[in-house]
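In: One predicted model, sequence on top.
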Amino acid sequence: MDDLLREFLVESAEHLDTVDAELVRFEQDPNNQQILRNIFRLVHTIKGTCGFLGLPRLEALAHAAETLMGRFRDGYPVSGASVTLILATLDRLKAILGDLEATGAEPAGSDDDLIGALEKMASDDAPAAAPAPAPAPAAIVLPPPVERELKPGEVSLDELERAFMEAPGPDDFFAPEPAPAVAEEPAFEMPAEEAPEPAAPRAAAASSAAPASEGGEGPIAKVQTIRVNVDTIEHLMTMVSELVLTRNQLLEIARRHEDSGYKVPLQRLSHVTAELQEGVMKTRMQPIGNAWQKLPRVVRDLSAELGKGIELVMSGAETELDRQVLDVIKDPLTHMVRNSADHGIESTNERVKAGKPARGTIRLSAYHEGGTITIEIADDGKGLDLAAIRKKAVERGLAPAAEIEKMTDAQVAKFIFHAGFSTAKAVTSVSGRGVGMDVVKTNIETIGGVVDIATELGRGTTFTIKIPLTLAIVSALIVKAGAQRYAVPQIAVLELVRVDAKGAKEGANAIERINGAPVLRLRERLLPIVTLEGLMRGQATVEEGEVVESGFVVVAQVGRQRFGVLVDEVFHTEEIVVKPMSSKLRHIPLFAGNTILGDGAVVLIVDPNGVAKLVGQSAQSGAVAESEAEEVEAGDAKATLLVFKGGAGGFKAVPLSLVTRLEEIDAAKIEWLGGRPLIQYRGRLMPLVPADPTIALRTEGSQALVVFSDGDRAMGLVVDEIVDIVEERLDIEIAADRSDLIGSAVLRGRATDIINIAHFLPLAYDDWARGPRKAAVKAPSLLLVDDSAFFRDMLTPVLKAAGYSVSAAASADEALKALLSNPGIDLVVSDLDMPGRSGFDLVGAMRKAGGRLAEMPVVALTGTVGPEAIEQARKLAISDLVAKFDRSGLLAALAEIGEPGLARAA
Amino acid sequence: MQAANANAAPADTTDYVTVFVGETMFGLTIDRVHDVFVPAGITPVPLAPKEIVGLLNLRGRVVTALCLRRRLSLPDRASGAAQMAIGLEQAGETFALIVDGVGEVLKLGAETHEPVPINLDPRWRDLSLGVHRLDGRLLVILDVDALLAFGDAGRDAKVA
């Protein structure tokens, strides 16, 4: 293909895109002669070049389109139908250009259909088409009808009105606004030779009122540009990277030599290199408007297809971002806009009924924010039907119903990103098949972006996309594992923790093992640990013999998954230029790419997503549920449970926090006193209670015990065998009608009975539950607020045992009611993480209520203790924040409030 | 007949860069060879196919280094032994073929060309385009595309 043709193709494609966009603008603002002139000029250029290059088919089509547009210029009214026809012609032109590009020759075929239609429309007499007035957006504030003498050739408003009423309306969805459109008609009807001059001022007035012209007045001012091949820029980028590298090496040498004459030019070189790098980076940046160019056309076609009036308003088109990023988001953006048009915006009838403007608006905006770009796609449509989504999510089994109930609206809205998820009742050609939104999310996430949804029923939906400015340069942590260095993208790193086996006793962090699996305690949570070295050998687990005693743990979070990667050394952070992996290595999930460091060495960039996949079964499954890590986790905190076998081989479990110790005792040491088994334990007698009536105490060998203690009393629960410690979310599925069991749950795929310690404690000591030590004092009355029945049942006996009279409430509202109605309550223990009104809300309401409640001591239970929570707790005068499973912490906190606090409150 | 061929030779000779692996001499068509350099600072890539020794920095480009010995299922060279690299390009990507040594460039005509002997190890047979009879030794011509066509095929096979 010769260069001339290639240039023509590139240029024409651009021109056609511009014409597309301009035509849509023109349709809404038919008086704007400037737009029309611009369109006319572009089509004319295409036609001219086609003739020059000998492309008869293109030329004939362009000519026919030009003729019709020439009629517009002469004042022929612009109708929806005529614009549709021209747009169809442009599509044909593009198709031919596509073939031309592929084959180098114009494809055979006939365009007589289009040309015929174009010619017919162009030769039709004006009155026939006049009844289809230009669609005038409802929002336009029109200048008052012009009051003056009619010029020769002009038609009065009345006449037009009559013509309109009499003619059949082909484009009846534009019909609701006939009058204002007609008000502008005189401009079209002017004699051709007069048209441009008198129309100009009016056009300006109309366009300034048109919301669609927000993008700027007329064509954007010409900037001096040249066309550069992308490969050339990429090559330049590579060369600059190399230059940076060489400079770094020179600087390294300069540091070793004390030759000052050499240093000044080197410094200069250094500056120039930095500037050059920046400059080349800039050439890769493109305005986001390039990705938007096709959208006005897309929306226009959709609005015709769906029979809705839709306005697309774009702002921030000049926001620049890396062209690589631009390529990735182009399709998702188009899809989201289509989606908003189809699902978001209601039909014209519905809108009118809801008292909204007949035309819907989709607002697309982009702006810089820190190192990221935020893109918003907002519609003023019906909003997401969250109830339907919840229902659908349950139907599809995406999450348990109870869990979905607890989710926030934002979390529920994210279900729409699930593959195959659609609540649309009818599948249209546009969308509703449930494909697409998952792809949108995936595409955006691959470049490190996030999508958020805000929706309000009846008011509309806003999608917010945040994406990094560039993919080419990221900030990374350089670490060492084994003999090699690796780069870990900073975006996934939460923190670094130094671990040292020897320092464990002095309070330093140390890695512990559960059945060989290394874990790290980090702020009351267990963090699974993998070693980077092990990963590089293809093992997600750490082998028994491996030394994982000291080094640094890089705490990373991917989706909901949080894990620690153990590395030997951490060097520094560095801005690295990401280079793609070789095609031979792209299948290795652990690496996101590679880069060259300042010292010239190639290092691999670890892909946190790949690591996460190896660590857990999958970072992808339940993608929606995991996206809101913190919120969900707070809602359904995990419980650590001790699982044992007790009675008829069944599995039972008890929260580990209640357990003091696990013991294996010699069965021969069991003594019987008064018909009750006892053993001497730490210099005292400890009663033994079987966990199940069917458990028989062994007479020889060793006997497993679970020891519970409180103060100086202890009880040994006799079990058959201690099985495991599991950390899992607890869903009591079957509530038991036996007093020794709270219910059953599935733990690690096994049905397990959760035992009720409150049942066993009195079996050991008749008076245990009655709070013997405080029997003399009136037991302080405590209100326990927790949404989980399990925790209420679990904590009630503990609190009772500690000498409190306990009442319980399942929600903040219930608690408030109890507090107001029962003046006997002395203090409150409340969970902070509850659905609906949180614990903070409860305390806030108490403090506001004044009087007794304002000063009542409150101990808050929480799954996670963060600085914000502490700050808020302090503000609300909450006496103490205690981790949810920290029984002794809770008792200590209550003891601290102690008598004075209670006395004051009482 | 041979004489006639020799006269016609200049028209259809091919230039080959010769490389050595152990005692065997291999030839690569010169138009595929972009570079000859001493490889240094190779970063191994964990979990990579065994033929890939790692990545290296060649004037600011990251190049995938591939060991001809491993590709031919030969034992690794003794550590510390001299090695050279040939820069090859395929589909816009640069590869470095690690060999024991690089010899001269030979201009060879069709008259010394022989098809690949059928008794050659099939792993070698798949990688060679033929053999040239030289004075006192043989030159195995390597098929650069076949040489670089590993990994993908293997993966596909595993998937299937």
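Out: Arrived safely, thanks for sending.
In: Only C-alpha atoms from now on, for both contacts and neighbour counts.
Out: Fine.
In: Off-centre distance for stretch A:385-399?
Out: Using CA atoms, centre = their mean, to the nearest Å, the mean C-alpha position of stretch A:385-399 is found 18 Å from that of the whole chain.
In: So the host helix or strand of A:Glu252, near chain B or not?
Out: Element membership for A:Glu252 (DSSP states H and E) is helix A:230-256. Yes: applying CA under 8 Å from any CA of the partner chain, one finds helix A:230-256 in contact with chain B at A:Thr238, A:Met239, A:Ser241, A:Glu242, A:Leu245.
In: which one of those is nearest chain B?
Out: Closest approach between the residues of helix A:230-256 next to chain B and chain B, by CA to the nearest CA: A:Glu242, at 4.4 Å.
In: Out of the residues of helix A:230-256 next to chain B, which one has the lowest pLDDT?
Out: Note: of the residues of helix A:230-256 next to chain B, the lowest pLDDT belongs to A:Leu245, at 71.
In: who's in contact with that residue?
Out: A:Leu597, A:Gly598, A:Asp599, A:Gly600, B:Gly60 (CA atoms under 8 Å, 6 or more residues apart in numbering or on different chains).
In: and the fourth one, what does it touch?
Out: With CA under 8 Å, 6+ apart as the criterion, the residues that contact A:Gly600 are A:Leu245, A:Gln249, B:Asn57.
In: switch to 10 Å and redo it
Out: Counting by CA atoms under 10 Å, 6 or more residues apart in numbering or on different chains, A:Gly600 makes contact with A:Glu242, A:Val244, A:Leu245, A:Thr246, A:Asn248, A:Gln249, B:Gly41, B:Leu56, B:Asn57, B:Leu58, B:Arg59, B:Gly60.
In: For ChimeraX, what selects the buried ones among those residues?
Out: Filtering the contacts of A:Gly600 down to the buried ones (16 or more other CA atoms under 10 Å in any protein chain shown) takes a single ChimeraX command:
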select /A:242,244,245,246,248 /B:56,57,58,60
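In: Can you redo the contacts of A:Gly600 as a markdown table, where the extra columns are distance to A:Gly360?
Out: Formatted as a markdown table, those follow (distance: CA to CA, whole Å):
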| residue | distance to A:Gly360 |
| --- | --- |
| A:Glu242 | 52 |
| A:Val244 | 52 |
| A:Leu245 | 54 |
| A:Thr246 | 57 |
| A:Asn248 | 56 |
| A:Gln249 | 59 |
| B:Gly41 | 61 |
| B:Leu56 | 56 |
| B:Asn57 | 55 |
| B:Leu58 | 56 |
| B:Arg59 | 56 |
| B:Gly60 | 52 |
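In: And the pLDDT for A:Arg148?
Out: Reported pLDDT for A:Arg148: 46.
In: Same check on B:Ile86?
Out: For B:Ile86, the predicted pLDDT is 92.
In: could you say which helix or strand contains it?
Out: Per DSSP H and E: strand B:84-90 holds B:Ile86.
In: Pairing partners for that strand, with directions?
Out: Paired with strand B:84-90 in the same sheet, following DSSP bridges, are strand B:33-37 (antiparallel), strand B:93-99 (antiparallel).
In: Dump those strands to CSV, plus distance to A:Phe417, mean neighbour count and mean pLDDT.
Out: Converted to CSV, the strands paired with strand B:84-90 look like this (distance: least, CA to CA, whole Å; neighbours: other CA atoms under 10 Å in any protein chain shown; pLDDT from 0 to 100):
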stretch, distance to A:Phe417, mean neighbour count, mean pLDDT
strand B:33-37, 47, 14, 89
strand B:93-99, 36, 22, 90
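In: out of those, which comes closest to A:Ala13?
Out: strand B:93-99 (30.1 Å; CA to CA).
In: Could you point out the helix or strand that follows that closest one?
Out: Using DSSP H and E, the helix or strand that follows strand B:93-99 towards the C-terminus is strand B:101-108.
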